[in-house]
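Trainee: this one's sequence-less:
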C-alpha cells in the first residue's frame, strides 16, 4: 500500500473498501477534510443530534445521514460508510466488542451516521501559515484533556468538554486564533489559552488521551474543543449499540478543507 | 460645555474651533473614529511616512494631507487641522514649548499632517461585545509600555515598539483577538499576550505611560501596538519643529468606527 498514492478522498475510501488500507489516515488525501464518525440507532439519534447542536465547538457536524442510508450524500456521495473507513469500533453497552474493517454485518435499517469535523483541517491551515504544530513535528498524537467544564447535556448524553492542546509562542497563538476562527465547522477558534488550571487541568504532562508534548517557557498552551468530546459523551451513556471510527482512522470526505473556511 | 451634546465629529470640531472644548475627547461623538495627529515639515514627511509604512501595527495611517493644506479631505473634509483639536503640543528640537488650543500662528506652507488610528475604535467594539476594558471601567488612562522590540527604522525615525495593555480572561482574550483583527487601521489584533517578560516588560504595575491597572490571577495581559510608538519615534529624532495633539485630545473624524472594520 503506497500511502502517497492516496491523494483524494475517493482513493482513500477505495483503499479502505478493498481492504488495502486498515490504518490511520493522518496525512492522506492532503486538502480533503477528514471526519469523526458516530453511528447510532435512530432511537438515540435525536438526543445525540441535539447534543451536537447545543455544543457546536466540540461537535461541529459536517453531515447527518438519513436513517438506514449509509451514503453521506453531502460530503461524499460515492461513499459507503459501512466499508469506507480503515477500521471501526463496535461498542455494546459501553464495552468495546469488535474492531472490524467493515461493518456491513452490523448494519441496521435504523442507523444514523454523524460525521463530525476534525482538527486535521485547521492544523493544515496552521502549517500552511508556517505555525509549528508540536505533535505533528514529533509524530505523536495530539494531547487531549478532560476539563472541568460540562457540556450542555441533551437526553441521555452528557459529559465534560474535552480539549486538545497545542503549545505556541504568543505571536503564533494570536495568529492561530485568527486562522482557526475561519474554520467553525472544524472546532473553530480556541476555547482557552494560557491558564490550564482554569480548565481543571493540573498537569499538562499527563493528558487524558493522546501523547504529552513539551511546552516551552516561551510558549502558551492553547486549547481547542476536541472531537473526543462527543465520543466520550456517547460512551458515558453506554447505549446498547454504537459504532465509531477507530482512533486516527477517519472518514475522508470529498470536501476540500478550504471550502470549510468561513471567510 | 455639555459634552453629551457633542454627538458627531463635526460638532466636536466646531466646539474645538470656537474654544468651547479644550479637554480630552474620550467618549465624545460615540461611533466616530478619533485620530492621533503628527504634523511635520515636508522635509521630514517622507521619512515619517516610510516609518509608518514599515510599522503599520503601531502606525496605522488614516490620512496624510497634502503639504500646506490643513484640510483632511478623506476623513473630515469640513475640518481645519489648525483649530479643530481641543489642544496641541508644539515641540522644538524635542522640547515642549507650547500647548495651544489653536496652531494657526505656527502653521507653515510645508506642513504635512498625519492622522493615525486610535484604539478608541476597537475599544468601542470590545465594549459592544461586552468584553470589559479595565482602564475604561476604572476611568484612567490605558497603561502603556516601551518594549524591547525595535520598530523598523526609516531615515531619522527609529525607536521601540510601544504597547498598550488590557487584562482579559482567556475566553475574552480569544474573542478580543477576533474582534480587533477586524480593525487593522486602528492597530488591529494584539501583538502579544500572556508573557510580558518576552517583551522586556518586567513590572506591569509600572507602565512607562498612562496608569497601572490590576491584572487578576485569572487574567492574561493582552498587548496591542500603540499610537504612542510614532510619537516616541518623532520625539527621539528631536526635529526642529513638530506639532502633535495633546494626550487624550484627539482629532475626531467623520469616519464611522464601523466603516473601519475589514470584514
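Mentor: That came through fine. Since we're looking at a predicted model, the values are computed, not measured.

Trainee: is it true that residue A:213 touches residue A:138?
Mentor: Yes - Residue A:213 is in contact with residue A:138 according to C-beta atoms under 8 Å; the separation is 6.1 Å. (C-beta placed from N, C-alpha, C; glycine too.)

Trainee: the more surrounded of these two?
Mentor: Neighbour comparison, residue A:213 and residue A:138: the larger count goes to residue A:213, with 22 against 12 (by other C-beta atoms under 10 Å in any protein chain shown).

Trainee: so how far is residue B:168 from the more buried one?
Mentor: 26 Å (C-beta to C-beta, to the nearest Å).

Trainee: what sits up against stretch A:34-44?
Mentor: Contact with stretch A:34-44 is made by A:25, A:48, A:62-63, A:67, A:75, A:81, A:85, A:88, A:103, A:108, A:110-118, A:120-121, A:155-156, A:227, A:230-231, A:234, A:237, A:239-245, A:250-253, as judged by C-beta atoms under 8 Å, 6 or more residues apart in numbering or on different chains.

Trainee: for that stretch, the distance to its chain's centre please.
Mentor: Computed by C-alpha atoms, centre = their mean, to the nearest Å, the chain-centroid distance of stretch A:34-44 equals 12 Å.

Trainee: Then stretch A:55-65?
Mentor: Its chain's C-alpha centre and that of stretch A:55-65 lie 10 Å apart, by C-alpha atoms, centre = their mean.

Trainee: Same check on stretch A:235-253?
Mentor: 10 Å.

Trainee: Pull out the buried residues from it.
Mentor: Neighbour-count burial for stretch A:235-253, counted by 16 or more other C-beta atoms under 10 Å in any protein chain shown, picks out A:235, A:237, A:239, A:241-246, A:249-253.

Trainee: swap in stretch A:166-176?
Mentor: Under the neighbour-count criterion of 16+ other C-beta under 10 Å, stretch A:166-176 has A:166, A:167, A:168, A:169, A:170, A:172, A:173, A:174, A:175, A:176 buried.

Trainee: Please tell me how far the second one sits from residue B:198.
Mentor: Meaning residue A:167. For residue A:167 relative to residue B:198 (C-beta to C-beta), the value is 14 Å.

Trainee: Help me confirm that residue A:180 comes into contact with residue A:193.
Mentor: No - in this structure residue A:180 lies outside contact range of residue A:193 using C-beta under 8 Å: 11.5 Å.

Trainee: The two: which is more packed in?
Mentor: The residue with more neighbours, out of residue A:180 and residue A:193, is residue A:193; 28 against 25, by other C-beta under 10 Å.

Trainee: So which residues on chain A come close to chain B?
Mentor: Counting by C-beta under 8 Å from any C-beta of the partner chain, chain A comes close to chain B at A:169-171, A:173-174, A:177-178, A:181, A:189-195, A:198, A:218, A:220, A:263.

Trainee: I'd like to check which residues are in contact with the nearest residue to residue A:134 once chain neighbours are set aside.
Mentor: Leaving aside its sequence neighbours, residue A:134 sits nearest to residue A:213 (C-beta to C-beta, 6 or more residues apart in numbering or on different chains; 4.5 Å). Contacts for residue A:213 (C-beta under 8 Å, 6+ apart) come out as A:134, A:135, A:138, A:140, A:143, A:165, A:167.

Trainee: quick one, what contacts residue A:230?
Mentor: Residue A:230 makes contact with A:36, A:38, A:48, A:51, A:52, A:55, A:58, A:59, A:114, A:116, A:157, according to C-beta under 8 Å, 6+ apart.

Trainee: And residue A:82, how close does it get to chain B?
Mentor: Taking C-beta to the nearest C-beta, to the nearest Å as the measure, residue A:82 falls 39 Å from chain B.

Trainee: Residue A:87 now?
Mentor: Shown here: residue A:87 relative to chain B, a distance of 35 Å by C-beta to the nearest C-beta.

Trainee: Excluding sequence neighbours, find me the nearest residue to that residue.
Mentor: Distances taken as C-beta to C-beta, 6+ apart place residue A:246 nearest to residue A:87, at 3.9 Å, with adjacent residues excluded.

Trainee: shouldn't the one you found be in contact with residue A:91?
Mentor: No - applying C-beta under 8 Å as the test, residue A:246 and residue A:91 come out as separate, 11.5 Å apart.

Trainee: ok, residue A:218 touching residue A:169?
Mentor: Yes - judged on C-beta under 8 Å, residue A:218 makes contact with residue A:169 at a distance of 5.6 Å.
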